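*Asks:* Can you look at this prediction? I've put the sequence above it.
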Amino acid sequence: MRLALWTYEGPPHVGAMRVATAMRGVHYVLHAPQGDTYADLLFTMIERRTERPPVTYTTFQARDLGKDTAELFKNAARDAVARYQPQALMVGASCTAELIQDDPGGLAEALGLSIPVVPLELPSYQKKENWGASETFYQLVRHLVPKTNSADAGKAGTSSTPAGKDSHSAIANILGPTALGFRHRDDLQEIETLLAAIGVQVNVIAPWQASPQDIARLPQAAFNVVLYPETAGQVASYLKRSFGQPHTTVMPIGLKATEAFVREVARLAGIDPDQALVRAYQSAGSRAGWYAASVDATYLTGKRVFVFGDASHAIAAARVAAEELGFTVVGLGSYSREFARELRTAAEVYGVTPLISDDYLEVEQAVEAASPDLVLGTQMERHIAKRLGVPCAVISAPVHVQDFPARYSPQMGFEGANVLFDTWVHPLMMGLEEHLLGMFKGDFEFHEGAAASHLGHGAAQIAMPPSPPSGAGVKPETSPSMPATQAEQAVHDAQPMASREQFMPSLQWASDAEKELGKIPFFVRGKARRNTEKFAVEQGLSLITKDTLYEAKAHYGR
């Protein structure tokens, strides 16, 4: 564990809170100091939930460390059960409380409560949030699912796991959605609709809105649909070992993956895969495939994309980008070290070096080195891309408030494919439009002071404003009609960055070179400037002219 300005995952007890908050009838008693109550804000401010998470903090302070903090925890547990009347109690310690080693599980067991107690051992200094959510879900299943007949549950004909192609074979559980998950609410709605369309009934959805009684009913399904391996993979493996329930392996993100998912579910449910796919398309078609193949989208082919996020979303996004939109994947990475093997396998397909890191500075360096046209990442990559002047779309947690939209916006299923197309392609289109606005800004007919061209010759003619002097250090003129992002970029391009001034103090740009640089689309202008300055330094030049700019272009184009 380390302190950082940004972090991709919180400590594991935040993962436990995500599971508890998603469920009904459970309460989480967290042994933690007063400062650790910040986690509530993740759900009330970021996810905009209407109520607090079902968590009670012991909130011990520094003066309590010389007293009996164990008694403080026991009192908090008793009070929580009496006040909230939960059907099951989860107990654990935050990263700070872990150091005093009070053993919340043992203390809660000694209370002799009348409800199930689920102790959570979450090593805060070795593991992180997604692992904490997965482990919490696993421990809940282990403690709440009845152990009777578990040894024989995998055999055909038992009541725990219906087998064969009877009516029970088309009953499934949906595993993985939690609170604070990236588009989990909308993904779940999309997958429920898809399963209903092909004739599969849903037994239990967990952890989302599941009660302890619902968890106990998990073995009654024939198979499990795993939406998010980071949180549900461990539980799915346990249910397969203990109750003979198979589970899906395809994450339905993108058009092709959704088709593969429908076929996989149909086979598990004993339904004809071709007929299931026809019914799925009849219930909810997708325009993403046609849009991606349309004339309007062909100029996107070959665009360089850098992908980073949790392993499942990053791997799925890279596949969609390469196979469905025609992008070129120039970088693939994840902060999910538990899924490093899967990420390396995926990176081999695109011929890139996998980046497995939770250091955002290392990620920023990799993005800058790859010089992509588009970044698909987390909230952190959004900031990185903005700093580098590159379009970005968020595909994975961690996310901020704008990625919990009021509208229906799934990532999975056929509608999810439509959302992906719009979300990923529009930043590139808008970038081109902003560039065209910049190109025609000084045109005699289209400059900011010109009358509307559709009004004809009778419109008042306004004198064209004089062009500002070119050269570094001059702040360009802006107007209310000029997009804010374009204005910011113009300022950025007119003024050399501090890093260039620091490391290349002798380099100067001639006015003709600056003017020519301004003609380059803003979303690749930074790369052109860096390459030109690098070329000039290698050639021993102190003045960059228009000829230098084109010589650098030819040099790097070879």
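*Replies:* Noted; the coordinates are in hand. Numbers count the residues shown, from 1 in each chain.

*Asks:* going forward, measure contacts and count neighbours with C-alpha atoms only.
*Replies:* Fine.

*Asks:* the strands in this structure, which residues?
*Replies:* 26-31, 55-57, 88-93, 117-119, 171-175, 201-206, 223-226, 304-309, 328-334, 354-356, 374-377, 392-394, 508-509, 543-544 (DSSP state E).

*Asks:* Redo the ones you listed as TSV? Include mean neighbour count.
*Replies:* Converted to TSV, those look like this (neighbours: other CA atoms under 10 Å):
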stretch	mean neighbour count
strand 26-31	27
strand 55-57	19
strand 88-93	26
strand 117-119	23
strand 171-175	25
strand 201-206	21
strand 223-226	28
strand 304-309	26
strand 328-334	26
strand 354-356	20
strand 374-377	27
strand 392-394	24
strand 508-509	20
strand 543-544	18
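
*Asks:* Format those strands as CSV; extra columns: mean pLDDT and distance to Tyr138.
*Replies:* Shown next, in CSV, are the strands of the chain (pLDDT from 0 to 100; distance: least, CA to CA, whole Å):
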stretch, mean pLDDT, distance to Tyr138
strand 26-31, 96, 15
strand 55-57, 94, 19
strand 88-93, 96, 12
strand 117-119, 96, 10
strand 171-175, 98, 11
strand 201-206, 97, 11
strand 223-226, 98, 14
strand 304-309, 97, 23
strand 328-334, 97, 23
strand 354-356, 97, 25
strand 374-377, 96, 28
strand 392-394, 95, 29
strand 508-509, 92, 61
strand 543-544, 93, 62
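
*Asks:* Please tabulate those strands in JSON lines, including the columns distance to Leu140.
*Replies:* Converted to JSON lines, those look like this (distance: least, CA to CA, whole Å):
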{"stretch": "strand 26-31", "distance to Leu140": "10"}
{"stretch": "strand 55-57", "distance to Leu140": "16"}
{"stretch": "strand 88-93", "distance to Leu140": "8"}
{"stretch": "strand 117-119", "distance to Leu140": "6"}
{"stretch": "strand 171-175", "distance to Leu140": "13"}
{"stretch": "strand 201-206", "distance to Leu140": "11"}
{"stretch": "strand 223-226", "distance to Leu140": "17"}
{"stretch": "strand 304-309", "distance to Leu140": "27"}
{"stretch": "strand 328-334", "distance to Leu140": "27"}
{"stretch": "strand 354-356", "distance to Leu140": "30"}
{"stretch": "strand 374-377", "distance to Leu140": "31"}
{"stretch": "strand 392-394", "distance to Leu140": "31"}
{"stretch": "strand 508-509", "distance to Leu140": "64"}
{"stretch": "strand 543-544", "distance to Leu140": "65"}
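
*Asks:* if we compare those, which one ends up closest to Phe182?
*Replies:* Checking the strands of the chain against Phe182 by CA to CA gives strand 392-394 as the closest, at 9.6 Å.

*Asks:* Count the neighbours of the residue lying closest to Ser409 once chain neighbours are set aside for me.
*Replies:* Nearest residue to Ser409, sequence neighbours excluded (CA to CA, 6 or more residues apart in numbering): Asp186, at 6.1 Å. Using other CA atoms under 10 Å, Asp186 has 20 other residues around it.

*Asks:* try the one 10 residues further on
*Replies:* Using other CA under 10 Å as the criterion, Ala196 is surrounded by 14 other residues.

*Asks:* which residues does the residue nearest to Ser409 contact?
*Replies:* Tyr408, Ser409, Pro410, Gln411 (CA atoms under 8 Å, 6 or more residues apart in numbering).

*Asks:* Val91 versus Tyr84, what's the distance?
*Replies:* 15 Å (CA to CA, to the nearest Å).

*Asks:* Repeat that for Lys527.
*Replies:* Counting by CA to CA - Lys527 and Val91 are separated by 52 Å.

*Asks:* again with Thr532
*Replies:* Where Val91 is concerned, Thr532 sits at a distance of 59 Å (CA to CA).

*Asks:* for the stretch 351-500 of the chain, what are the low-confidence residue spans?
*Replies:* 429-500 (pLDDT under 70).

*Asks:* how about 90 then?
*Replies:* For the stretch 351-500 of the chain, the stretches with pLDDT under 90 are 389, 400, 402, 425-500.

*Asks:* All the helices of it, in order from the start?
*Replies:* 360-370, 379-388, 413-439, 484-494, 498-503 (DSSP state H, counting those that start in this stretch).

*Asks:* List the residues that contact the residue nearest the centre of the chain.
*Replies:* Among the residues of the chain, Ser396 comes closest to the average C-alpha position under CA atoms, centre = their mean, at 0.6 Å. Residues in contact with Ser396, defined by CA under 8 Å, 6+ apart, are Phe182, Gly309, Asp310, His313, Ala314, Gly377, Thr378.

*Asks:* What separation do you get for the residue nearest to the fourth one when sequence neighbours are not counted and Ala16?
*Replies:* Right, His313. In this structure, His313 finds its nearest non-sequential neighbour in Ser396, 6.1 Å apart by CA to CA, 6+ apart. For Ser396, the distance to Ala16 (CA to CA) stands at 19 Å.

*Asks:* now do Ala322
*Replies:* 35 Å.

*Asks:* The two: which has the busier surroundings?
*Replies:* Each of Ala322 and Ala16 has its neighbours counted (other CA under 10 Å); Ala16 has more, 27 against 18.

*Asks:* looking at it, that one is touching Thr136, isn't it?
*Replies:* Yes: using CA atoms under 8 Å, Ala16 makes contact with Thr136 at a distance of 5.5 Å.

*Asks:* circling back: can you tell me how far the residue nearest to the centre of the chain is from Asn130?
*Replies:* 12 Å.

*Asks:* re earlier: just the buried subset of the contacts of Asp186, please.
*Replies:* Ser409, Pro410, Gln411 (16 or more other CA atoms under 10 Å).

*Asks:* How about Phe43: what's its closest non-neighbour residue?
*Replies:* Going by CA to CA, 6+ apart, Phe43 has Arg49 as its nearest residue, at 5.9 Å.

*Asks:* What of Ala393?
*Replies:* Going by CA to CA, 6+ apart, Ala393 has Leu376 as its nearest residue, at 5.1 Å.
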